[in-house]
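Trainee: Provided below for reference: sequence and predicted model.
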Amino acid sequence: MVRDEILHGETTGGVKGLHQVGPTAAGEAERSPMWLLMIVFLNIVPGLEKITVLNTFATSEECQSERNRIGFEMAAAYPYERDFVIACQLNPKHSS
């Protein structure tokens, strides 16, 4: 089963190589969303960043809803894969 959880900075704080993809990546400079939906690979995957931002959201609830949807779909598609986590994290730009 795919693990999905909320990360609170301590897991990814200071991590180099945070990579952003998707339609909101280009608009990142225009706005500063509060919540990041990301995939964290627990093993090294050649050609992929360890942490990749999938999307951004204004609220925790929006992020968690999408995290649950993606987590369930990936668990169904890859039932024996346990090497990644779908997570929501408060944008470091908004943490104190």
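Mentor: Perfect, I can see it now.

Trainee: Against which helices or strands is the top helix by length along the chain packed?
Mentor: Looking across the chain with DSSP state H, the single longest helix is helix 60-77. Secondary-structure packing of helix 60-77 (3 or more CB pairs under 8 Å, 6 or more residues apart in numbering; DSSP states H and E): strand 3-7, strand 35-41, strand 51-57, strand 84-90. Heads up, the C-betas are built off the backbone N, CA and C, glycines and all.

Trainee: and of these, who's closest to residue 68?
Mentor: For residue 68, the closest of the helices and strands packed on helix 60-77 is strand 3-7, at 6.8 Å, according to CB to CB.

Trainee: Quick one: mean pLDDT over the closest one.
Mentor: Strand 3-7 comes out with an average pLDDT of 48.

Trainee: just to revisit the earlier point, hey, C-alpha coordinates of the longest helix of the chain in CSV?
Mentor: Output in CSV follows, covering the C-alpha atoms of helix 60-77 (Å, rounded to 0.1, in the frame of the first residue of the first chain):
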residue,chain,number,x,y,z
SER,A,60,-4.6,22.0,3.7
GLU,A,61,-8.0,20.6,3.0
GLU,A,62,-7.6,21.0,-0.8
CYS,A,63,-4.1,19.4,-0.6
GLN,A,64,-5.3,16.5,1.5
SER,A,65,-8.2,15.8,-0.8
GLU,A,66,-6.0,15.5,-3.8
ARG,A,67,-3.3,13.6,-1.9
ASN,A,68,-6.0,11.0,-0.9
ARG,A,69,-7.2,10.7,-4.5
ILE,A,70,-3.8,10.2,-6.0
GLY,A,71,-2.7,7.9,-3.1
PHE,A,72,-5.7,5.6,-3.7
GLU,A,73,-5.2,5.6,-7.5
MET,A,74,-1.5,4.8,-7.2
ALA,A,75,-2.2,2.1,-4.5
ALA,A,76,-4.7,0.4,-6.9
ALA,A,77,-2.3,0.8,-9.9
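
Trainee: Sort out which residues of that helix are buried, please.
Mentor: 62-64, 66-67, 70-71, 74-75 (16 or more other CB atoms under 10 Å).

Trainee: Could you do stretch 36-56 as well?
Mentor: 36-40, 49-56.
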